[in-house]
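**Student:** Here's a sequence, model it:
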Amino acid sequence: MDISDKRLKSLIADTLAIEEEEAKKAGMLGFIARALVQATMPHKKTDGSEFIRRNGGFTLSILSPSNIGLPYGSLPRLVMAWVTTEAVQTKERELVLGRTLREFMGQLGLNSNGGKGGRIGPLKEQIHRLFSASISCSYDTDLKASESGFRIADSHELWWSPKSPDQRTLFESTVTLSDGFFKEITTYPVPIDMRVLEALKQSPMALDTYCWLTYRMSYLNRNTEIPWAVLALQFGADYTRTRDFKRYFLEQLHLVGSIYAGANFEIGDKGLILKPGKPHITKLVKKIAKN
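**Tutor:** Numbering: from 1, shown residues only. The predicted structure is shown next:
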């Protein structure tokens, strides 16, 4: 898939706007769960009720009831960023999604279009899939083996009607995060700029790549080459051939690099070479998560 000049020009315009002011000052400072940066959700619809991603000694397993299905694509990623940001800022497990579907979609930077190809129906479905899922995170190295698991939400109630996105419901739609997940995302949040997510929302891999790069740049202190096969396990389990993953990943990396100028990397023959650079959100801004 080629990157259109129109889309690239749009991303560059977004970059200039983003660089004019910090995300905190613009009220667009957001957060994403560290566990979902180290490994990621499915990019497309996946058969079965378990999905596994690996990143070195870290393994992320997502389980979902078979009658509901696994979350996939850009929509649950945008919802997860909103959920994490709200949890970090409010310090509350119960989050209010709003009385209208259109209102919530606006918070995600989505157009509330219905009908074939619209976002209204798919968003409600992906929210249901996401909040019904459970996550298991395990580390297995020569020095340590550990595992922790939790449901994303203890409960959720969605009162919206996709046919009437402007209709104010009698009750507010809410989600109550599980205690384990709440502690995970509020203890180890990764700062991000929500405007970047909005700019990259058409591609789940671009969203994943942006969040991962700003996380890695926050602690990288030496040049590190990551083999393409390793990156394929982390980001591109949908690809059977590493070369197919590499081609698509580089397209998405080009999009991310057009917005995130501080991401310092080179394309090597054997893998992606990361060099010390700046996280997209500065360490000074990160302190807001602790206040």
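**Student:** Can you say which helix or strand has Ile185 in it?
**Tutor:** Here Ile185 is covered by helix 179-187, with elements defined by DSSP states H and E.
**Student:** just checking, what packs against that helix?
**Tutor:** When contacts are defined as 3 or more Cβ pairs under 8 Å, 6 or more residues apart in numbering; DSSP states H and E, helix 179-187 sits against strand 29-33, helix 74-90, strand 145-151. Yep, even glycine has a C-beta here, placed from its N, CA and C like the rest.
**Student:** tell me which strands and helices the second one is in contact with?
**Tutor:** Contacting helix 74-90 under the criterion 3+ Cβ pairs under 8 Å, 6+ apart are the following elements: strand 29-33, strand 94-98, helix 120-131, strand 173-177, helix 179-187, strand 189-193, helix 194-199, helix 204-217.
**Student:** how big is the angle separating that helix from strand 29-33?
**Tutor:** Computed by axes from the mean of the first three to the mean of the last three Cα atoms, to 10 degrees, the angle separating helix 74-90 from strand 29-33 equals 110 degrees.
**Student:** quick revisit: hey, which of the helices and strands packed on helix 179-187 is tucked in deepest?
**Tutor:** For the helices and strands packed on helix 179-187, average neighbour numbers computed from mean count of other Cβ atoms under 10 Å are highest in strand 29-33, which has a mean of 25.
**Student:** Can you name the next helix or strand after it?
**Tutor:** Once the chain leaves strand 29-33, the next helix or strand it forms, by DSSP H and E, is helix 35-38.
**Student:** C-alpha coordinates for that next one, CSV please?
**Tutor:** Listed in CSV are the C-alpha atoms of helix 35-38, where the atom choice follows Å, rounded to 0.1, in the frame of the first residue of the first chain:
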residue,chain,number,x,y,z
ALA,A,35,1.7,-3.4,28.7
LEU,A,36,-0.1,-2.6,25.4
VAL,A,37,3.0,-0.7,24.2
GLN,A,38,5.4,-3.6,24.8
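**Student:** contacts for it?
**Tutor:** Judged by Cβ atoms under 8 Å, 6 or more residues apart in numbering, the contacts made with helix 35-38 from elsewhere in the structure are 55, 58, 60, 77, 80, 135, 137, 184, 188, 190, 208, 211-212, 215, 234.
**Student:** sorry, back to before: ok, which of the helices and strands packed on helix 179-187 comes nearest Ala261?
**Tutor:** strand 29-33 (18.4 Å; Cβ to Cβ).
**Student:** what angle sits between that closest one and helix 204-217?
**Tutor:** Going by the same axes, to 10 degrees, strand 29-33 makes 100 degrees with helix 204-217.
**Student:** Just give me the residue right at the centre of this protein.
**Tutor:** Within the chain, one residue has its C-alpha closest to the average C-alpha position: by Cα atoms, centre = their mean, that is Arg77, at 3.9 Å.
**Student:** ok so, going back, need the helices and strands packed on helix 74-90 in JSON lines (columns: mean pLDDT).
**Tutor:** Putting those into JSON lines (pLDDT from 0 to 100) gives the following:
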{"stretch": "strand 29-33", "mean pLDDT": "88"}
{"stretch": "strand 94-98", "mean pLDDT": "91"}
{"stretch": "helix 120-131", "mean pLDDT": "91"}
{"stretch": "strand 173-177", "mean pLDDT": "94"}
{"stretch": "helix 179-187", "mean pLDDT": "92"}
{"stretch": "strand 189-193", "mean pLDDT": "90"}
{"stretch": "helix 194-199", "mean pLDDT": "90"}
{"stretch": "helix 204-217", "mean pLDDT": "93"}
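**Student:** need the contact list for the nearest residue to the residue nearest to the centre of the chain once chain neighbours are set aside.
**Tutor:** Among residues not flanking Arg77 along the chain, Leu207 sits closest, at 5.0 Å (Cβ to Cβ, 6 or more residues apart in numbering). Taking Cβ under 8 Å, 6+ apart as the criterion, Leu207 is in contact with 74, 77-78, 197, 200-201.
**Student:** ok, so of those residues, who is nearest Gly257?
**Tutor:** Ranking the contacts of Leu207 by separation from Gly257, with Cβ to Cβ as the measure, puts Leu200 on top at 11.4 Å.
**Student:** All set, thanks.
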